[in-house]
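>>> Let me see the structure of the following:
(chains A and B)
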Amino acid sequence: LAKTTQPISMDSYEGQEVNITCSHNNIATNDYITWYQQFPSQGPRFIIQGYKTKVTNEVASLFIPADRKSSTLSLPRVSLSDTAVYYCLVASGYSTLTFGKGTMLLVSP
Amino acid sequence: EPEVTQTPSHQVTQMGQEVILRCVPISNHLYFYWYRQILGQKVEFLVSFYNNEISEKSEIFDDQFSVERPDGSNFTLKIRSTKLEDSAMYFCASSGGTSGGSPFNEQFFGPGTRLTVL
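Model prediction:
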């Protein structure tokens, strides 16, 4: 399984754009990059998934460069409720998810 | 919107007792999982289940653990003889709907069962 590395924590203010970068140097050809969000005492929640280039949904954007060795989750105009742990995962098919420690994002007023 | 449900939300048990954690996955999903998260630590994979059998399990999932899908809707995790270190939040997840259209790595997690072993 490809290992991922992401910052332990990030701080932001309401209304700012937040970019969380994840490196996955050993990503395999059939791996997809997936991001999950977790609030305290809740299960992780899927945010977005991509294979290459850019993916956007109503919640976030995911930027993946051509070499796919890294990815950036972009959260536009964060609010206090975006305070959570964000996990970057790499997996293929219906394989199990291997969670790292994630990035604790703290949004302040 | 369909969701994964888990019962109970909190289970307190004595060391050495058996516990059964219950989950109702999303109805058209085909893949089922159990994860656990010890307080303050990362989410850890326990087991995956597909086509009525275990498809993958981690080192944590030893002989004390078992899973079952007894009736086509429930998915249970049994811990035969609980230990103090089994205290954690246990999450059930499901994925792989027959209707398609969902990213295949999108696992839907339940709210969790907090297991406290005394």
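>>> residue nearest the centroid of chain B?
For chain B, residue B:34 is the residue whose C-alpha lies nearest the centre (C-alpha atoms, centre = their mean; 2.9 Å).
>>> Next up, the contacts around that residue.
B:21, B:23, B:46, B:47, B:67, B:77, B:90, B:91, B:92, B:93 (C-beta atoms under 8 Å, 6 or more residues apart in numbering or on different chains). (Each C-beta comes from the backbone N, C-alpha and C, glycine too.)
>>> in its sheet, what does the helix or strand containing it sit against?
Using DSSP states H and E, residue B:34 sits within strand B:29-37. Using DSSP bridges, strand B:29-37 pairs in its sheet with strand B:43-50 (antiparallel), strand B:88-97 (antiparallel).
>>> mind saving the C-alpha coords of the first one as CSV?
In CSV, the C-alpha atoms belonging to strand B:43-50 read as follows (Å, rounded to 0.1, in the frame of the first residue of the first chain):
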residue,chain,number,x,y,z
VAL,B,43,-8.6,4.7,12.5
GLU,B,44,-7.5,1.1,12.1
PHE,B,45,-8.9,-1.5,9.7
LEU,B,46,-10.1,-4.7,11.3
VAL,B,47,-11.9,-6.8,8.6
SER,B,48,-13.7,-6.6,5.3
PHE,B,49,-16.5,-8.9,4.2
TYR,B,50,-17.8,-9.6,0.7
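>>> Number of residues surrounding the residue of chain A found nearest chain B?
For chain A and chain B, the shortest gap (C-beta to the nearest C-beta) falls at residue A:43, measuring 2.9 Å. As a burial measure, residue A:43 scores 23 neighbours (other C-beta atoms under 10 Å in any protein chain shown).
>>> Excluding sequence neighbours, find me the nearest residue to it.
Closest residue in space to residue A:43, ignoring its immediate chain neighbours: residue B:109 at 2.9 Å, by C-beta to C-beta, 6 or more residues apart in numbering or on different chains.
>>> Please name the bridge partners of the one you found.
Beta-bridge partners, per DSSP bridges, of residue B:109: residue B:93.
>>> returning to that earlier point: got the strands paired with strand B:29-37 as CSV, with mean neighbour count and distance to residue A:29 columns?
Converted to CSV, the strands paired with strand B:29-37 look like this (neighbours: other C-beta atoms under 10 Å in any protein chain shown; distance: least, C-beta to C-beta, whole Å):
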stretch, mean neighbour count, distance to residue A:29
strand B:43-50, 21, 22
strand B:88-97, 24, 21
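>>> and the ones you listed, which one is worst for confidence?
In terms of average pLDDT, strand B:88-97 trails the rest of these, at a mean of 91.
>>> Give me the distance between that one and the centre of its chain.
5 Å (C-alpha atoms, centre = their mean, to the nearest Å).
>>> Check stretch B:32-46 too.
For stretch B:32-46, the distance to the chain centre is 9 Å (C-alpha atoms, centre = their mean).
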